[in-house]
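Peer 1: Would you be able to build a 3D model of this:
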Amino acid sequence: MNITLRQLRAFIAVAELGQFNLAARNLHLTQSAVSILIRDLESEIGVRLFDRHTRMVSLTLVGQEFLPQARKILKDLELAVGDVRDNASLKRGQVTIAAAIVLAATIVPAIIARFLRMYPEISVNIRDMPEEQITPALKRNEVDIAVGTLSEDDPEITATPLLRDKLMFVCREDHRFARRKSVHWAELKDETLITLAAANPLRSIVEHNLIRVVPNYKPKYEVRFSTTAISMIAAGMGVAVLPENSSQLASAVRVTTVDLVDPHVMRDVSLLQRRHHSLSPAAEHLKAVFIASAAERTMFSDRDGKE
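Peer 2: I've put the predicted structure just below:
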C-alpha cells in the first residue's frame with residue numbers, strides 16, 4: 001500500500017471543510033492538485049471516500065469510518081516527529097553511562113552535574129560497576145557510553161582518551177612507608193598485597209610492573225572493588241596499588257597514598273562507546289562535556305605542575 005501524508009492531509013481537509021476549493025486554499029494547493037490527491041487515495045484504498053455533489057462533497061460510510069483513523073495517523077506522526085526534534089534539541093531524552101567504581105565516586109559526579117546544569121531536561125542514569133563489566137555492558141547495549149580503562153584493543157569498542165591517572169601505593173597511615181614521598185615497585189616484594197579481580201584491566205597493569213621486579217609475586221587477597229581494598233587496608237590486612245583518584249576515598253578511613261616510582265606508572269582513563277554505533281544527541285553532548293572537562297582538568301594540572 002502506497003498512501004502518502006499529502007493524501008491523508010488532503011482527505012482530512014476536504015472532509016472537514018466540505019469543498020475542494022476550500023481545502024485547496026487551506027493546504028496552499030490548487031483545486032486540481034487536491035482532486036488528484038483524493039482520487040489517488042481512493043484508488044489506492046479501492047473504495048470511494050466522498051460522494052460528489054454540485055459544489056459540496058460528503059463522506060461516504062467508509063469515509064466516515066476512515067476519518068478518525070486518518071486523524072490518528074497524522075497525530076501519532078506529529079507526536080513522533082516532535083519527540084525526535086525534542087531529543088535532537090536536548091529538550092528531552094536520556095543517556096545511560098557506566099563508570100568504574102572509583103571514577104564513579106570521584107570525577108564522574110561533577111561532570112554529570114555540569115552536564116545537567118547545561119541540559120536540565122535530560123535524564124542521566126549512572127551505572128557504577130567493576131572495570132571488567134564495562135565493555136560487556138557496552139556490547140549488550142545496556143549503556144550508551146562508559147568511563148574506564150580499556151586494557152587491550154577491542155574491534156567493537158572505541159576509546160576516546162580523557163585523562164591519565166597515576167598508580168599509587170596505598171597503605172594505612174601507620175604503615176612504615178606512609179610518611180615516605182615515594183615507594184619503589186621493588187619494595188613491594190615483602191608486602192601483603194591486596195589486588196583487584198583478575199579480569200580487571202587495572203590488575204594486568206599492576207602485574208605487568210610487579211613481575212619485572214618481583215618475579216615470584218603472589219597476591220594475598222583478591223577483591224572486586226577498590227572500596228573493599230581500601231577498607232581492608234584500613235583494617236591492617238595489607239596494602240594495594242590503586243589509581244591516584246582513590247585517595248579521595250581513602251582519607252576518611254585513615255588510609256594514605258604514596259607515590260609509586262621506578263617507574264611511575266600511568267593508566268589511561270577513556271570514554272568508551274560501541275564502534276560504528278551512533279550516539280543519541282544526549283549521549284553525544286554528554287561525551288563532549290566529559291572531553292571538555294578532562295581537557296580543563298589536564299590544563300590545570302599542567303599549570304600547577306609548572307608553578
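Peer 1: And the helices in the stretch 201-307 of the chain?
Peer 2: In the stretch 201-307 of the chain, the segments counted as helices under DSSP state H, counting those that start in this stretch are 201-213, 226-234, 247-250, 281-306.
Peer 1: what packs against the first one?
Peer 2: The one in question is helix 201-213. Other elements packing on helix 201-213 under the criterion 3 or more C-beta pairs under 8 Å, 6 or more residues apart in numbering; DSSP states H and E are helix 131-139, strand 157-172, strand 194-196, strand 240-243, strand 266-274. C-betas here are computed from N, CA, C, even on glycine.
Peer 1: and the helices of the stretch 201-307 of the chain, which is most packed in?
Peer 2: Among those, helix 226-234 has the highest mean neighbour count (mean count of other C-beta atoms under 10 Å), at a mean of 21.
Peer 1: What about A198, how many residues nearby?
Peer 2: Using other C-beta atoms under 10 Å, A198 has 11 neighbouring residues.
Peer 1: was I right about L77 contacting L8?
Peer 2: No: taking C-beta atoms under 8 Å as the definition, L77 is not a contact partner of L8, at 9.2 Å.
Peer 1: what residues are shared contacts of the two?
Peer 2: Counting by C-beta atoms under 8 Å, 6 or more residues apart in numbering, L77 and L8 have no shared contacts at all.
Peer 1: higher neighbour count, the two?
Peer 2: Comparing L77 with L8 by other C-beta under 10 Å, the one with more neighbours is L8, at 19 against 12.
Peer 1: Buried residues, stretch 156-168. List them.
Peer 2: Residues 157-159, 162-163, 165, 167-168 are the ones in stretch 156-168 that count as buried (16 or more other C-beta atoms under 10 Å).
Peer 1: and the helices of the stretch 201-307 of the chain as JSON lines, adding mean pLDDT and distance to N21?
Peer 2: Formatted as JSON lines, those follow (pLDDT from 0 to 100; distance: least, C-beta to C-beta, whole Å):
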{"stretch": "helix 201-213", "mean pLDDT": "86", "distance to N21": "71"}
{"stretch": "helix 226-234", "mean pLDDT": "90", "distance to N21": "75"}
{"stretch": "helix 247-250", "mean pLDDT": "76", "distance to N21": "73"}
{"stretch": "helix 281-306", "mean pLDDT": "77", "distance to N21": "43"}
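Peer 1: So, low pLDDT: which residues of the stretch 101-250 of the chain?
Peer 2: Low-confidence segments of the stretch 101-250 of the chain, defined by pLDDT under 70: 250.
Peer 1: same thing but 90
Peer 2: The stretch 101-250 of the chain contains residues with pLDDT under 90 at 101-103, 105-107, 118-123, 130-132, 149-155, 163-166, 189-190, 197-220, 224-227, 243-250.
Peer 1: what's the longest helix anywhere in the chain packed up against?
Peer 2: Determined from DSSP state H, the single longest helix within the chain is helix 61-88. In terms of contacts (3+ C-beta pairs under 8 Å, 6+ apart), helix 61-88 is packed against helix 5-17, helix 281-306.
Peer 1: Redo those as a markdown table? Include distance to R275.
Peer 2: A markdown table is the format used below for the helices and strands packed on helix 61-88 (distance: least, C-beta to C-beta, whole Å):
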| stretch | distance to R275 |
| --- | --- |
| helix 5-17 | 36 |
| helix 281-306 | 14 |
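Peer 1: returning to what we had before: quick one, which of the helices of the stretch 201-307 of the chain gets closest to R85.
Peer 2: helix 281-306 (10.2 Å; C-beta to C-beta).
Peer 1: Near L242, how many other residues are there?
Peer 2: Around L242 there are 28 other residues, counting by other C-beta under 10 Å.
Peer 1: Please tell me how far it sits from I194.
Peer 2: Distance of L242 to I194, computed by C-beta to C-beta, to the nearest Å: 9 Å.
Peer 1: Can you list phi and psi of G46 for me?
Peer 2: Main-chain dihedrals, G46, degrees, to the nearest 10: phi 100, psi 10.
Peer 1: Could you tell me how many residues sit around it?
Peer 2: Count around G46 with other C-beta under 10 Å applied: 8.
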